Each structure stands twice: as C-alpha cells, then as structure tokens.
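Visitor: Here is my input, please return the structure:
(one chain, ligands or ions: 1)
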Amino acid sequence: MDVIITSEHENPGSIAADAIARLVDRQPDAVLGLATGSSPLSIYADLADRVAAGTLSLARVRGFMLDEYVGLPADHPERYRNVIDRDLVSRTDLDPALVQGPDGLAADIPAACAAYEDAIHDAGGVDLQILGIGADGHIGFNEPGSSLGSRTRIKTLTRQTREDNARFFDGDIDAVPAHCLTQGIATIMEARRIVLVAVGQGKAEAVHHLVEGSISALWPATVLQMHPAVTVILDAASASRLQLAEYYRQTRAGRPAWQQ
Ligand code: GLP
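Guide: Purely as a prediction, here's the structure:
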C-alpha cells in the first residue's frame with residue numbers, strides 16, 4: 001500500500017488525477033471505477049480542468065459506478081447516476097453512454113446486480129478504481145460486516161451512513177434511502193489499481209484501520225491491504241492516527257522522481 005500524506009499546499013485530488021491522466025494517456029479507452037461522495041470531488045474538478053485545458057480527453061473512457069441508492073426516482077438529484085453526471089460527466093468529455101451504474105430501480109434486483117457484474121467483466125474489468133472511505137470504514141456501500149468475498153448486491157445502509165449522507169438530503173435522515181446496490185468487496189478488489197482519497201479528521205479512525213489495522217469485515221476497507229496496487233492519498237487530519245506517518249512521509253520524499 002502506497003500511503004501519500006499530502007502537505008497543506010497540495011491537493012489530494014490533483015495527485016489522484018495525475019494517476020488517472022497517466023493511465024488514460026497510455027490507454028485512451030481505459031475503464032475507470034467511479035465513486036460518489038465528497039472525497040472524489042477534487043479529483044473530478046481537476047479532471048474537468050485538464051479536459052477544459054485540452055491536456056486530457058476522457059472521450060473513450062468507460063466508467064462503472066461503485067454504488068447506487070435503491071428506489072430514488074430517476075430524476076432525483078441525489079440518485080448517484082445523476083450525481084456523477086453533474087460532478088463529472090457534464091464537466092468533461094466523458095460519453096454518458098459509456099458510464100454505467102447499478103440499477104437501483106430494477107424490478108429484479110438480483111438479476112440487475114448479476115448483469116452489472118457481467119458488464120464490468122465484458123468491459124475487461126476496471127483499470128483504476130477511485131474510492132472514498134466511510135467514517136465506519138465502508139468502501140462503496142459495503143458496510144461493516146460485509147463479506148470480504150462479496151459481489152454486487154443489495155445492502156442495508158447503517159444508521160451512521162444515513163446520518164452522514166443526510167447532508168445531501170436537506171439534513172433529513174428519513175429522506176436517505178434505507179437500501180443501496182453496491183459493487184461487492186471482491187468486485188472492487190478485482191480492479192487493477194485502486195486510488196483512495198480521504199480528507200478530514202472524521203476519517204482518521206477509518207484510515208487508521210485501513211492502513212494499519214487488522215483485516216476484518218468490521219472495517220471493510222482493511223481488505224485493501226491484500227491488494228497489490230493501492231494508493232491512499234490523505235491530508236494531515238485523516239492521517240493523524242497513523243502510527244507510521246513519519247515513515248510514509250520519508251518514503252515519499254525519498255522516492256525517485258519517476259515514481260513521484
Ligand atoms: C458514501 C459512498 C462511498 C463514499 C463514502 C464516503 O456513502 N457510498 O462511496 O466513499 O460514503 O463519502 P464522503 O466522500 O462524502 O465522505
């Protein structure tokens with residue numbers, strides 16, 4: 001696991017966007033795994049700037065979303081498909097037809113989840129998965145207790161996640177759906193590369209478990225310790241509980257330029 005603790009002059013989103021831009025440069029039809037939530041916003045803003053400046057094109061990139069609420073109407077502004085369209089697709093040259101998410105309005109949920117797994121597989125798998133992390137250590141919507149071998153399926157959101165996400169629903173926890181569809185942990189683990197961004201003190205405990213804790217379904221993100229190509233990009237606050245923070249900083253400072 002590559003742990004990058006940024007200085008206050010750095011933008012974690014730009015560091016993640018660098019990795020994405022390098023990938024798309026090599027492979028213009030790369031498959032990106034797309035996360036919602038506030039963590040990836042600085043990545044998407046940076047990608048939008050690069051597209052506007054003409055230094056990056058996402059026109060051939062395919063995108064697979066991590067998760068979706070169950071039952072939100074198609075035109076609901078917080079439906080994740082609409083969030084991704086607003087925060088990323090509409091601000092870049094991504095082709096909306098090449099972006100897919102789990103169908104939270106499907107009549108047959110298990111069939112929709114299986115179809116989503118097939119679609120990712122048929123696209124050749126995810127080249128780079130963008131991730132945030134929940135305060136309770138969830139990735140996607142894989143809440144504590146999720147099977148580390150899980151695939152795309154329906155999950156019940158925890159009270160904590162619904163409280164956290166109520167800010168997107170005018171502070172009304174009852175307006176936050178109780179269920180979601182999410183790529184499973186095994187699905188996420190199949191991505192060739194994973195870039196996780198976490199900022200703020202509220203993520204410090206989850207980051208502590210993610211990087212240095214024991215692997216456990218209680219903190220689902222800890223499974224990423226088993227993935228061979230994970231980059232975790234943090235600010236000082238989210239890194240504040242890391243025991244080896246100094247070592248991660250030294251490692252980064254001593255890295256050859258081509259690896260920065
Ligand atoms: C949300 C999303 C996750 C996200 C996490 C953290 O509920 N389903 O994909 O990573 O919770 O959200 P945020 O980045 O807003 O803190």
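
Visitor: Quick one: residues contacting the spatially most central residue of the chain.
Guide: The chain has residue 131 as the residue nearest its centroid, 2.0 Å off, counting by CA atoms, centre = their mean. By CB atoms under 8 Å, 6 or more residues apart in numbering, the contact set of residue 131 is 33, 35, 39, 66, 139-140, 188, 194-197. Yep, even glycine has a C-beta here, placed from its N, CA and C like the rest.

Visitor: redo that, cut-off 6 Å
Guide: 35, 139, 196 (CB atoms under 6 Å, 6 or more residues apart in numbering).

Visitor: Give the closest residue to it in space, chain neighbours not counted.
Guide: residue 196 (4.1 Å; CB to CB, 6 or more residues apart in numbering).

Visitor: mind checking how far the closest residue to the ligand within the stretch 101-250 of the chain is from residue 198?
Guide: Per CB to the nearest ligand atom, the residue of the stretch 101-250 of the chain with the smallest distance to the ligand is residue 132, at 2.6 Å. Here residue 132 is placed at a distance of 7 Å from residue 198 (CB to CB, to the nearest Å).

Visitor: Looking at the two, which one has more neighbours?
Guide: The neighbour comparison of residue 132 against residue 198 (other CB atoms under 10 Å) goes to residue 198, with 26 against 23.

Visitor: quick one, what contacts the more buried one?
Guide: Contacts of residue 198 (CB under 6 Å, 6+ apart): 133, 207, 234, 238.

Visitor: what pairs with it across the strands?
Guide: Per DSSP bridges, the residues bridged to residue 198 are residue 234.

Visitor: Give me the pLDDT value at it.
Guide: If you check residue 198, the pLDDT there is 98.

Visitor: How about residue 174?
Guide: pLDDT at residue 174 comes out at 97.

Visitor: Ok, residue 259 next?
Guide: Residue 259 is given a pLDDT of 65.

Visitor: same check, this time on residue 255
Guide: Listed pLDDT for residue 255 reads 82.

Visitor: State the phi and psi torsions of it.
Guide: Main-chain torsions, residue 255, degrees, to the nearest 10: phi -80, psi 140.

Visitor: which parts of the chain sit against the ligand?
Guide: The chain has residues 35-39, 66-67, 132-134, 140-141, 161, 165 near the ligand, with proximity defined as CB under 6 Å from any ligand atom.

Visitor: burial count for residue 118?
Guide: Neighbour tally, residue 118, other CB under 10 Å: 11.

Visitor: typo on my end, residue 156
Guide: Counted with other CB under 10 Å, residue 156 comes out at 12.

Visitor: With residue 101 instead?
Guide: Residue 101 has 22 nearby residues by other CB under 10 Å.

Visitor: Give the full set of residues in contact with it.
Guide: Neighbours of residue 101 in contact, by CB under 6 Å, 6+ apart: 65, 68, 81.

Visitor: again, but for residue 79
Guide: Contacts of residue 79 by CB under 6 Å, 6+ apart are residue 72.

Visitor: let's see 8 Å
Guide: Shown in contact with residue 79 (CB under 8 Å, 6+ apart): 68-69, 72-73, 104.

Visitor: ok, it to residue 209 distance?
Guide: 30 Å.

Visitor: cool, residue 130 as well?
Guide: Where residue 209 is concerned, residue 130 sits at a distance of 20 Å (CB to CB).
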